[in-house]
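*Asks:* Give me coordinates for this.
(4 chains, ligands or ions: 6)
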Amino acid sequence: MKKFINSVDGVLAESLDGLAAAHADLVTLGPERKFVRRRELNSRKVALVSGGGSGHEPLHAGFVGYGMLDAACPGQVFTSPTPDQIVEAAQAVSGDAGVLFIVKNYAGDRMNFEMAAEISEGRTATIVTDDDVAVENSTHSIGRRGVAGTLIVEKIVGAAAEKGADLQACVALGERVNARTRSMGVALTSCTVPAAGTPTFVLAEDEMEVGVGIHGEPGRRRVKLERADAIAFEMTTAIAGDLDARDGNEALLLVNGFGGTPAIELYLMYNAARRMLEKRGLRIARSLVGSYVTSLDMAGCSLTVSLLDTETRALWDHPVRTAALKW
Amino acid sequence: MKKFINSVDGVLAESLDGLAAAHADLVTLGPERKFVRRRELNSRKVALVSGGGSGHEPLHAGFVGYGMLDAACPGQVFTSPTPDQIVEAAQAVSGDAGVLFIVKNYAGDRMNFEMAAEISEGRTATIVTDDDVAVENSTHSIGRRGVAGTLIVEKIVGAAAEKGADLQACVALGERVNARTRSMGVALTSCTVPAAGTPTFVLAEDEMEVGVGIHGEPGRRRVKLERADAIAFEMTTAIAGDLDARDGNEALLLVNGFGGTPAIELYLMYNAARRMLEKRGLRIARSLVGSYVTSLDMAGCSLTVSLLDTETRALWDHPVRTAALKW
Amino acid sequence: MSLQPETFKSVVKLAAERVIASAPELTSLDQAIGDGDHGFNMKRGFEAVLGKLDAISEQPFDEALKTIGKTLVMTVGGASGPLYGSFFLAAGEALSHDKHLPEDIADVFGSGVNAVSARGRSHVGEKTMLDVLVPVLETLKNAAGHPDLIARVSTTAAEAVERTAPMRATKGRASFLGPRSVGHIDPGARSSCILVQAVCASLEGKQ
Amino acid sequence: MSLQPETFKSVVKLAAERVIASAPELTSLDQAIGDGDHGFNMKRGFEAVLGKLDAISEQPFDEALKTIGKTLVMTVGGASGPLYGSFFLAAGEALSHDKHLPEDIADVFGSGVNAVSARGRSHVGEKTMLDVLVPVLETLKNAAGHPDLIARVSTTAAEAVERTAPMRATKGRASFLGPRSVGHIDPGARSSCILVQAVCASLEGKQ
Ligand SMILES: Nc1ncnc2c1ncn2[C@@H]1O[C@H](COP(=O)(O)OP(=O)(O)O)[C@@H](O)[C@H]1O
Ligand SMILES: Nc1ncnc2c1ncn2[C@@H]1O[C@H](COP(=O)(O)OP(=O)(O)O)[C@@H](O)[C@H]1O
Ligand SMILES: [Mg+2]
Ligand SMILES: [Mg+2]
Ligand SMILES: [Mg+2]
Ligand SMILES: [Mg+2]
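*Replies:* Ligands and ions are numbered 1, 2, ... in the order given. Just a heads-up that it's a prediction; the model follows:
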């Protein structure tokens, strides 16, 4: 395992300390590092609290700040945070307008946030994101995973909350955005969980894993490494086939790196995906390219398409001041 | 070689097309993709033109926009751009105040920019960055490499140019910033140049290369992989030992990923480096953590320390609107 | 003969130690169809329990179980934290309501199992810890009072865990794999088996 | 006997082909002490030259050399682009000033070498292409008019390239390696040798 670490046990704490120190103008750490919260709170707005396992940096702590989250609860690497973290974060940032939990659809995340909501005083509501089309959508199962589309929900609802939307409106908006957002990921290499010390899975030099999530879970299938266009085609086809998109629809295209893939490749993938989506009649009105929802050091990327309307586009454009997103 | 590419020959063009499309609000591509320039030009300010081999994204094209560069010339991967690219970029963006070339200290970059300056009509001046303390500083040799510190020079001089500094003032400022900036890098893995198809060097699972540049050049020495603190100690010691820093000096600390290293590790390194620099009496007044000056898919990072004064701190804080840096 | 505090303490101690020692096995099961953290999660949680063992063993059993539950909830995280946490919280709660150990073990255990099912919105056959916990509960009911009860429970757990291999997961992280989840033992089922067998071993005095 | 246009064309063609064919070797030399692009750089440049070969061979020699130089400057990039470009630009320029081939070859070649040295601010002994170009120039001067001239030039180039191995680089990318640059042949020296030997081979008719 080749990582910049001191000890397996210290990774999370030391990394959080670094984040808090590097962005001390924006965020501050809660006691025992249970959460990262905005430095300046606004008690009149709906408080947005997210969280999940660590290893996906900058998600979520990198999205704490004006126009996006109020607090983020980092769990151990790939492990949902515990209810006490979430309750304390909610307590620290909530005012009179209630707390909105933004939760990625994993059994662990959902249950821990659910327990937190049960314990929390004050009004709470929850949005669950489940944008990963690589997973079959079935009512018998837990359904799809929440992956990089979560960023888009957090950004757009964050802007609405900043502008005064109430808890109910935030929930409705978040659900609308989530319903119009789809993602799919491909891994070229596995990630290595620090505590495990070895890659979660092993791919041959000519293999890739299609349809992976963001925790090193195996994907849909393992195939021979393909050209970028072929990969982008499979991903855009799966995404578009599942989105209720019409000709001329405006969309946001997010090309997200998994941590081990450099910008030069992400822009190349963006170029391929954009071309293909435009051929399908979508208008790419907004774009984001970078490593925002990572899977430790995994080489790979995901594509996310989110359909926009006038309101959500304006909310996407609304100013944001966080460690990882600023405009 | 595991990369998102279609063909070795197309990497650069497709990636540039992606960048230009994703950031069409900020930049536009020159003919034959010879340069990337700002969409909105300001003919009264000094025009900043940089460039160099590709493979370091977002450097330099990601720094084109308000408050930073006016144009960037991307060479082939790790290969300096040609004089015609530079001349045409300068022509496209220069107004009456002249053109400032910001050049990293490599034989190829210097010679190509020099030829361009010889051919260019209008006033030009050049700043050469050479911040890499891993290289011995000798008058017999070409001297030190320009690495991640280049970003700091581009940002600070970019702000000054935006605020109306003339060509001479920009040169003096750039040289001052460069003189007060030092970097050092460590690689955990080699990068793979697409056209080569195999890693430039091979490190064993328990080895790292100390003092690498950003082109996969071997570094100072190959040693056993160490703990993050030990690595940060060696780097901060080399940097601080070479900087004319006094107790209480304000500094900017940049922890830069080489492309294959995720944010969780960069923040951990930031945490280690900050602690050590503070022990040496520096005050870390500004911070930047992320993959800004990369070496394709190399796992590794560099530390850069730049001493600030009231003027340069304000220029660092000045608004910037580029693909990769925004505030 | 009612449960003695020293017995309770040594049961908890052995269960914790066994699950901590099994961390690498649990992790590698979770690497195959999950995210590879189940071993660390359980280790973290039961190390916290061990750290409080003296305090726990001074509490009445219902409170002790709730403390274990809370400790797991607050240290484990992931899916297994709320699930094992809910199990012990609910079992403790059941004990508070006029139940006694060992005679009401099936009721108490059953409350825990129900809590897991409620919290996880899951049932037998979905390739989760319930596929060990529910069969164990059946045996606790069916073989209640039987002199072989402890041995039977232990065997049930061991057999049940193997039966998760051919199942297709519809809950938890393995569900994302769809058909690719088939052929692997569920890590949570395995940790349940380890816990149950540790309790059995401790009670039978063969540590 | 003056240089014939067909001879000139076949010399350029062979030189380009040989250097293009050597791209993998040049790349791997550059991977050891540089950044691994010298082979692609030279290939890109000389492919561009080959693409213009017909036009080039219709130009007067001085113009033809300048076209080659300009083409290299505009397609190679890196350190080698401006250096080889300057070489050919200066050699063409020398030819324009009342020099003739083949009799003034040492002067013309010398102008090219001077241009490399000026552009690179470099001298013999710094482990660069100059460590082949300068010895070749010496031989061109010293053995001028000698019936063995071509063979001697070729041998000089081959021997000179080997002598770069023990040198410590002080110019170019290899200089960053300091003492670690010792023990490797300089890639630019090797490409110069390939070009020089291709010219020799073409002129001697043994392709
Ligand atoms: N909905 C559920 N109901 C019952 N058990 C579940 C459920 N979801 C997950 N599990 C159990 O949790 C185990 C995984 O725990 P763990 O790896 O610690 O958490 P995570 O899946 O969040 O990484 C699974 O093997 C399974 O037995
Ligand atoms: N200052 C210089 N003077 C002469 N030759 C040089 C100089 N710098 C570099 N070279 C030559 O250029 C060669 C490297 O060319 P190339 O790999 O194409 O460019 P780069 O070093 O920019 O990647 C070196 O092997 C050396 O022979
Ligand atoms: Mg987990
Ligand atoms: Mg190069
Ligand atoms: Mg798990
Ligand atoms: Mg080179």
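*Asks:* where do the helices sit along the stretch 51-200 of chain A?
*Replies:* A:83-93, A:107-119, A:149-162, A:167-179 (DSSP state H, counting those that start in this stretch).
*Asks:* How far away from the center of its chain is the third one?
*Replies:* Same thing as helix A:149-162. Taking Cα atoms, centre = their mean, to the nearest Å, one finds the center of helix A:149-162 at 11 Å from the center of the full chain.
*Asks:* For A:Arg313, the count of nearby residues, please.
*Replies:* By other Cβ atoms under 10 Å in any protein chain shown, the residues close to A:Arg313 number 16. The C-beta positions use only the backbone N, C-alpha and C, and glycine is treated the same way.
*Asks:* By mean pLDDT, which helix or strand of the chain comes out lowest?
*Replies:* Using chain A. Scoring the helices and strands of chain A by mean pLDDT, DSSP states H and E places strand A:221-224 at the bottom, with a mean of 94.
*Asks:* right idea, wrong chain: chain C
*Replies:* helix C:23-33 (a mean of 93).
*Asks:* and the residue lying closest to C:Glu162 once chain neighbours are set aside, what does it touch?
*Replies:* Ranked by Cβ to Cβ, 6 or more residues apart in numbering or on different chains and with sequence neighbours excluded, the top spatial neighbour of C:Glu162 is C:Ile185, at 7.1 Å. Residues near C:Ile185 by Cβ atoms under 8 Å, 6 or more residues apart in numbering or on different chains: C:29, C:161-162, C:164-165.
*Asks:* if we go to 10 Å?
*Replies:* Taking Cβ atoms under 10 Å, 6 or more residues apart in numbering or on different chains, we find C:Ile185 in contact with C:25, C:29, C:32-33, C:127, C:161-167, C:193.
*Asks:* Mind pulling up the pLDDT for residue 175?
*Replies:* If you meant another chain, say so; for now it's chain A. The model reports A:Glu175 with a pLDDT of 98.
*Asks:* look at chain C instead
*Replies:* What the model reports for C:Ser175 is a pLDDT of 91.
*Asks:* does it count as helix, strand or coil?
*Replies:* helix (DSSP: H, G, I helix; E, B strand; the rest coil).
*Asks:* go on, A:His215?
*Replies:* Under three-state DSSP, A:His215 comes out as coil.
*Asks:* just checking, it touches A:Gly55?
*Replies:* Yes: taking Cβ atoms under 10 Å as the definition, A:His215 is a contact partner of A:Gly55 at 7.5 Å.
*Asks:* Name the residue in the two with the higher neighbour count.
*Replies:* Counted by other Cβ under 10 Å, A:His215 and A:Gly55 do not tie: A:Gly55 has more neighbours, with 31 against 27.
*Asks:* Please tell me how far that one sits from B:Pro262.
*Replies:* A:Gly55 is 8 Å from B:Pro262, where distance means Cβ to Cβ, to the nearest Å.
*Asks:* circling back to that earlier point, so does the helix or strand just after the least confident helix or strand of chain C get close to ligand 3?
*Replies:* Sequence order places helix C:38-51 as the next helix or strand after helix C:23-33, per DSSP states H and E. No: Helix C:38-51 lies out of reach of ligand 3 by Cβ under 5 Å from the ion, never closer than 6.8 Å.
*Asks:* Which other helices and strands does helix C:38-51 contact?
*Replies:* Applying 3 or more Cβ pairs under 10 Å, 6 or more residues apart in numbering or on different chains; DSSP states H and E, one finds that helix C:38-51 makes contact with strand A:71-77, helix C:5-21, helix C:23-33, helix C:61-75, helix C:80-96, helix C:187-203.
*Asks:* how about those, which one is nearest D:Lys171?
*Replies:* Among the helices and strands packed on helix C:38-51, the nearest to D:Lys171 by Cβ to Cβ is strand A:71-77 (46.9 Å).
*Asks:* buried set for the closest one?
*Replies:* For strand A:71-77, a neighbour-count test (16 or more other Cβ atoms under 10 Å in any protein chain shown) marks A:71-77 as buried.
*Asks:* And the pLDDT for C:Gln207?
*Replies:* pLDDT recorded at C:Gln207 is 49.
*Asks:* got a list of what residue 145 touches?
*Replies:* Just going to use chain A. A:104-106, A:109, A:129-135, A:183, A:185, A:212-215, A:217, C:173, C:175-176.
*Asks:* nope, chain C please
*Replies:* C:Gly145 neighbours (Cβ under 10 Å, 6+ apart): C:Glu103.
*Asks:* Tell me how far it lies from C:Ala118.
*Replies:* Distance from C:Gly145 to C:Ala118, by Cβ to Cβ: 28 Å.
*Asks:* ditto for A:Ile239
*Replies:* The value you get for A:Ile239 to C:Ala118, if Cβ to Cβ is used, is 35 Å.
*Asks:* related to what we said a few turns ago, so for chain B, which of the helices and strands packed on helix C:38-51 sits nearest?
*Replies:* strand A:71-77 (8.2 Å; Cβ to the nearest Cβ).
*Asks:* which helices and strands does that closest one pack with?
*Replies:* Judged by 3+ Cβ pairs under 10 Å, 6+ apart, strand A:71-77 is in contact with helix A:11-22, strand A:27-29, strand A:36-38, strand A:47-54, helix A:83-93, strand A:99-104, helix A:107-119, helix C:38-51.
*Asks:* Let me know which of these is tucked in deepest.
*Replies:* Among the helices and strands packed on strand A:71-77, strand A:47-54 has the highest mean neighbour count (mean count of other Cβ atoms under 10 Å in any protein chain shown), at a mean of 29.
*Asks:* do that one and chain C meet at all?
*Replies:* Yes: for strand A:47-54 and chain C, the contact criterion (Cβ under 10 Å from any Cβ of the partner chain) is met by A:52-53.
*Asks:* so for stretch C:125-137, what's the average pLDDT?
*Replies:* Mean predicted confidence for stretch C:125-137 is 98.
*Asks:* Next, work out how far apart the residue nearest the centre of chain C and chain D are.
*Replies:* Central residue of chain C (Cα atoms, centre = their mean): C:Ser192, 3.8 Å from the mean position. As judged by Cβ to the nearest Cβ, to the nearest Å, C:Ser192 and chain D stand 54 Å apart.
*Asks:* same thing with A:Thr200?
*Replies:* Distance from A:Thr200 to chain D, by Cβ to the nearest Cβ: 31 Å.
*Asks:* Show the contacting residues for that residue.
*Replies:* Each residue near A:Thr200 by Cβ under 10 Å, 6+ apart is listed here: A:78, A:187, A:190-193, A:215-218, A:295-296, A:298, C:27, C:30-32, C:34-37.
*Asks:* Mind doing that once more with 8 Å?
*Replies:* A:Thr200 neighbours (Cβ under 8 Å, 6+ apart): A:190-193, A:216-217, C:31, C:35-36.
*Asks:* Give the closest residue to it in space, chain neighbours not counted.
*Replies:* Nearest residue to A:Thr200, sequence neighbours excluded (Cβ to Cβ, 6+ apart): A:Gly216, at 3.5 Å.
*Asks:* What is the burial count for the one you found?
*Replies:* For A:Gly216, using other Cβ under 10 Å, the count is 27.
*Asks:* so what pLDDT did it get?
*Replies:* 86.
*Asks:* Does it touch A:Gly185 like I think?
*Replies:* No: using Cβ atoms under 8 Å, A:Gly216 is not in contact with A:Gly185, being 11.1 Å away.
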